[in-house]
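> this one's structure only:
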């Protein structure tokens, strides 16, 4: 809820509530702030997706692979599965930009985080 309000303040330009210092602090914790007229992030969903992507990228940098145990970060684990499901189902939530980002870090959308194929992911 708090993040939603900060994004709302940023989107509406309410400078008395979201000072440049606060904007900088939000960026430091990895939140992409909307800048609608500059063509950058414009939704909370985009900010959340980017935050999870950065978590995935960080995991890969630290461990050298994407074999994320569910116990390590259940939220990221489920996010990964959702991206793979969106890819398989051609869901518009996995935009070309998002797909390109995942490919740019070498993420395989056809393979589960535990090494099984995406068909096994969908079929259980």
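That came through, no problem. The shown structure was predicted, so the numbers you read here are calculated from the model rather than taken from an experiment.
> hang on, isn't residue 31 packed against residue 49?
No: look at residue 31 against residue 49 with C-beta atoms under 8 Å: they stay out of range, at 11.8 Å. C-beta coordinates here come from the backbone N, C-alpha and C atoms, glycine included.
> neighbour count for those two, which is higher?
residue 49 (22 against 19; other C-beta atoms under 10 Å).
> ok, now which ones touch that one?
residue 98 (C-beta atoms under 8 Å, 6 or more residues apart in numbering).
> mind running it again at 10 Å?
Applying C-beta atoms under 10 Å, 6 or more residues apart in numbering to residue 49 gives the contacts 32, 41, 43, 79, 82-83, 93-95, 97-98, 101.
> now it: how far from residue 64?
To residue 64, residue 49 is 24 Å away according to C-beta to C-beta, to the nearest Å.
> A strand includes residue 53, no?
No: secondary structure of residue 53 (DSSP: H, G, I helix; E, B strand; the rest coil): helix, not part of a strand.
> neighbours of it, just the number please.
Neighbours of residue 53 using other C-beta under 10 Å come to 19.
> for residue 84, same thing?
22.
> now what about the helix or strand it falls within, what contacts it?
Using DSSP states H and E, residue 84 maps to helix 74-89. Helix 74-89 is contacted from outside by 48-49, 51-53, 55-56, 58-59, 66, 68-71, 73, 91-95, 98-99, 102, 107-114, 118-119, 121-122, using C-beta under 10 Å, 6+ apart.
> low-scoring stretches of this structure, by residue?
1, 3-4, 6-19, 32-42, 112-124 (pLDDT under 70).
> so which residues of it form strands?
Using DSSP state E, no strands are found in the chain.
> and the contacts of stretch 52-71?
30, 32, 72-83, 98, 101-102, 104-108, 111-115.
> just the buried ones out of those, please.
32, 73, 76-77, 79-81, 83, 98, 101-102, 107, 111-113 (16 or more other C-beta atoms under 10 Å).
> who touches stretch 90-102?
Counting by C-beta under 10 Å, 6+ apart, 45-46, 49-50, 53, 56-57, 66, 80, 82-88, 107-109 sit against stretch 90-102.
> go again with 7 Å.
Under the criterion C-beta atoms under 7 Å, 6 or more residues apart in numbering, residues 49, 53, 83, 86-87, 109 lie in contact with stretch 90-102.
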